[in-house]
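Chemist: I would like the atomic coordinates for the input below:
(one chain, ligands or ions: 1)
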Amino acid sequence: MARVKFVCGNWKMYKTTGEARELVRALAPLVEGMGGKVQVAVAPPFTALAAVAEALRGTPIDLAAQNVHREAQGAFTGEISAGMLADLGVKHCIVGHSERRQLFGETDEGVREKVVVLFKAGLLPIVCVGETLQEREAGQTLAIVSRQVKSALQGLPSADVGRLTLAYEPVWAIGTGKTATTAQAQEVHAVIRRLLVELAGGVADEVRIQYGGSVKPDNAAELMGQPDVDGALVGGASLKAPDFSRIVKGALR
Ligand code: PGA
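Modeler: Predicted structure coming up:
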């Protein structure tokens with residue numbers, strides 16, 4: 001089955017509402033005409049979601065969020081629910097990003113709870129997995145990534161598994177300029193695909209597995225040319241419209 005490639009920009013904690021609108025205005029014409037052949041989304045910070053939702057109207061770009069709280073509502077000061085995101089027109093939500101795992105104590109179990117709450121609200125999770133440099137050097141990459149994937153999928157109906165996006169992001173490649181080689185990326189993506197087959201059967205073929213970690217205009221096409229690399233989760237290079245649009249074009253080759 002041919003999976004439509006999926007490129008998502010993760011803006012992290014960058015962009016005021018004005019800057020966010022400006023970035024979308026610059027980006028939209030550059031990706032026009034690519035809709036349908038590649039799926040494109042941007043994940044601004046919570047504060048810019050409403051402004052970006054408005055700016056994206058009439059463009060082929062989807063709105064994504066960077067995080068969500070695991071409960072539907074309640075006394076959780078400072079948190080945002082899946083229903084609130086859906087209300088703003090958010091379609092996808094990143095969960096389990098390594099920055100959240102490392103800096104904010106996000107656990108495998110917490111990631112699973114967020115996946116469930118997102119599907120319940122009609123949103124599509126992008127679940128991030130990946131090993132640290134220390135884990136890679138200790139030969140634990142495949143074990144770590146498998147554990148993270150298994151845990152995120154535990155108890156999910158297979159129809160939901162098919163609507164999931166996974167993002168393999170080696171922690172040592174994020175924001176460092178060190179990209180995994182295409183062979184390193186494909187090796188892990190293929191292992192994830194086999195694991196998905198084991199866990200969910202034929203629906204595994206539908207799951208997009210993005211690569212993330214220092215994706216740039218000049219390495220994007222080669223990475224996404226690998227058989228099991230179905231797109232990219234892009235941090236730094238998504239903050240500039242020309243760079244991000246060149247990465248999106250890389251998905252078309
Ligand atoms: P980077 O970030 O592209 O800046 O390495 C990727 C990510 O954190 O999703």
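
Chemist: shaky segments in the stretch 1-150 of the chain?
Modeler: In the predicted model, the stretch 1-150 of the chain carries pLDDT under 70 at residues 1, 35.

Chemist: the residue of it at minimum distance from the ligand and residue 58, how far apart?
Modeler: Nearest residue of the stretch 1-150 of the chain to the ligand (Cβ to the nearest ligand atom) works out as residue 10 at 4.3 Å. Using the backbone N, CA and C atoms, a C-beta is placed for each residue, glycine as well. Counting by Cβ to Cβ, to the nearest Å, the gap from residue 10 to residue 58 is 23 Å.

Chemist: before we move on, what about residue 173?
Modeler: 35 Å.

Chemist: now do residue 169
Modeler: For residue 169, the distance to residue 58 - Cβ to Cβ - is 31 Å.

Chemist: kindly report the same for residue 170.
Modeler: In terms of Cβ to Cβ, residue 170 sits 36 Å off from residue 58.

Chemist: and if you look at residue 33?
Modeler: 14 Å.

Chemist: can you list the residues of this structure near the ligand?
Modeler: Neighbours of the ligand within the chain, by Cβ under 6 Å from any ligand atom: 10, 169, 174-175, 212-215, 233-237.

Chemist: what's the closest of the residues you listed to the ligand?
Modeler: Nearest member of the residues of the chain next to the ligand to the ligand, counting by Cβ to the nearest ligand atom, is residue 235, at 2.3 Å.

Chemist: of residue 173 and residue 58, which one has the most company?
Modeler: Using other Cβ atoms under 10 Å as the criterion, residue 173 and residue 58 rank with residue 173 on top: 23 against 7.

Chemist: which residues touch the closest residue to that one other than its chain neighbours?
Modeler: Spatial nearest neighbour of residue 173, excluding adjacent residues (Cβ to Cβ, 6 or more residues apart in numbering): residue 213 at 2.8 Å. Each residue near residue 213 by Cβ atoms under 8 Å, 6 or more residues apart in numbering is listed here: 130, 169-174, 176, 178-180.

Chemist: what is the nearest of these to the ligand?
Modeler: The closest of those, once distances to the ligand are taken by Cβ to the nearest ligand atom, is residue 174, at 4.2 Å.

Chemist: hmm, the closest one is touching residue 98, no?
Modeler: Yes: counting by Cβ atoms under 8 Å, residue 174 touches residue 98, with 6.2 Å between them.

Chemist: need the residues touching each of the two.
Modeler: residue 130.

Chemist: how many residues are close by residue 177?
Modeler: 9.

Chemist: what residues does the strand or helix carrying residue 136 touch?
Modeler: Using DSSP states H and E, residue 136 maps to helix 133-137. With contacts defined as Cβ under 8 Å, 6+ apart, helix 133-137 is touched by 141, 144, 170-172.

Chemist: now do 6 Å
Modeler: If you take Cβ atoms under 6 Å, 6 or more residues apart in numbering as the criterion, helix 133-137 is touched by 144, 172.

Chemist: return the distance of that helix from the chain's centre.
Modeler: Centroid separation between helix 133-137 and its chain, computed with Cα atoms, centre = their mean, to the nearest Å, is 22 Å.

Chemist: alpha carbons only: can I get it in PDB?
Modeler: Taking C-alpha atoms only, helix 133-137 is exported to PDB below (Å, rounded to 0.1, in the frame of the first residue of the first chain):
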ATOM      1  CA  LEU A 133      23.100   8.600  22.500                       C
ATOM      2  CA  GLN A 134      24.000   6.500  25.600                       C
ATOM      3  CA  GLU A 135      21.400   4.000  24.800                       C
ATOM      4  CA  ARG A 136      22.500   3.700  21.100                       C
ATOM      5  CA  GLU A 137      26.100   3.300  22.200                       C
END
